[in-house]
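Visitor: Just need the structure, nothing else, for what follows:
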Amino acid sequence: MTGGRSRRGRRNRSTTEPAGRRPLTRLTVASLAAHVVFELGAGVGLPLASVFGPYAATGFWTLVTGGVWVASGRDASADKLLAAANGFGLAANSAHLLGWPTRGTKAGLPWLEDCEGLGPELMPFYNPILYFSGATGLLAIVRENRTARVHIPMAMLGLVPVLIAFQHWEHRRLRRQAHTRPAWWSRRLRRLASTP
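Guide: Numbers count the residues shown, from 1 in each chain. I've put the predicted structure just below:
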């Protein structure tokens, strides 16, 4: 009986104690944040900036990043949320690589030539950020979110076509806004505002 309690106690502890700090998920969320900060700092805006403005969009992404970071320290009950977050990050990266001009690398991987108005000169910095967050997100799904069903991140990957369409729709809006309401956060887009 004591042995059963002991086993039961161990089983209970294993489901309630934090599942480690999930370093891969944390690397994924940090690199996705770096992706957004890179776009903002480069002067092409950031996701949702054309709809809510740069400050509200920054606040939103800060809250999302902080929420996923905190959840990554929780027990296995957070696995579904984290699998969805890692899957969404993979989907966003895939949308960039599938929805914008690329060339093939020697390894056969797509390499962005331009994306969202960043220009070819920033691609040597931008591509590694995308690939790093994609790789860590995939590894996190496989290694850290084991109690979550695989259909959760797969469902997120189903959003790729929607995200491609959204990226292009928002890019057009940001270009128009850069012309009509120039600001520091859209400065790189000003030169594109007059081109189709």
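Visitor: Nearest spatial neighbour of the most centrally placed residue in the chain, chain-adjacent residues omitted?
Guide: Centroid-nearest residue in the chain: residue 89, 3.4 Å away (criterion: CA atoms, centre = their mean). Take residue 89 and drop its neighbours on the chain: the residue closest to it by CB to CB, 6 or more residues apart in numbering is residue 137, 4.4 Å away. Glycine gets a C-beta too; all of them are placed from N, C-alpha and C.
Visitor: To which secondary structure element is the one you found assigned?
Guide: If you go by DSSP states H and E, residue 137 is part of helix 123-143.
Visitor: Buried residues in the next helix or strand after that helix, which are they?
Guide: Heading C-terminal from helix 123-143, the first helix or strand you meet, by DSSP H and E, is helix 151-157. Neighbour counts over helix 151-157 (16 or more other CB atoms under 10 Å) mark 152, 153, 156 as buried.
Visitor: Show me where this protein dips below the pLDDT cut-off.
Guide: 1-20, 193-196 (pLDDT under 70).
Visitor: tell me the helices in it, going along the chain?
Guide: 2-16, 23-42, 49-52, 54-71, 79-99, 123-143, 151-157, 160-180 (DSSP state H).
Visitor: Can you check which of those helices gets nearest to residue 190?
Guide: Using CB to CB as the measure, helix 160-180 is the one of these that comes nearest residue 190, at 4.8 Å.
Visitor: For the closest one, name the packing helices and strands.
Guide: On a contact count with 3 or more CB pairs under 8 Å, 6 or more residues apart in numbering; DSSP states H and E, helix 160-180 meets helix 49-52, helix 79-99.
Visitor: Would you reformat those as CSV and include distance to residue 124?
Guide: Formatted as CSV, the helices and strands packed on helix 160-180 follow (distance: least, CB to CB, whole Å):
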stretch, distance to residue 124
helix 49-52, 24
helix 79-99, 15
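Visitor: gap between the residue lying closest to residue 113 once chain neighbours are set aside and residue 131?
Guide: In this structure, residue 113 finds its nearest non-sequential neighbour in residue 101, 4.6 Å apart by CB to CB, 6+ apart. As for residue 101, its distance to residue 131 is 17 Å (criterion: CB to CB, to the nearest Å).
Visitor: okay, now the residue nearest to residue 94 when sequence neighbours are not counted: neighbour count?
Guide: Nearest non-adjacent residue to residue 94, counting by CB to CB, 6+ apart: residue 160, 5.0 Å away. Using other CB atoms under 10 Å, residue 160 has 19 neighbouring residues.
Visitor: Enumerate every residue touching residue 160.
Guide: 91, 94, 95, 98 (CB atoms under 8 Å, 6 or more residues apart in numbering).
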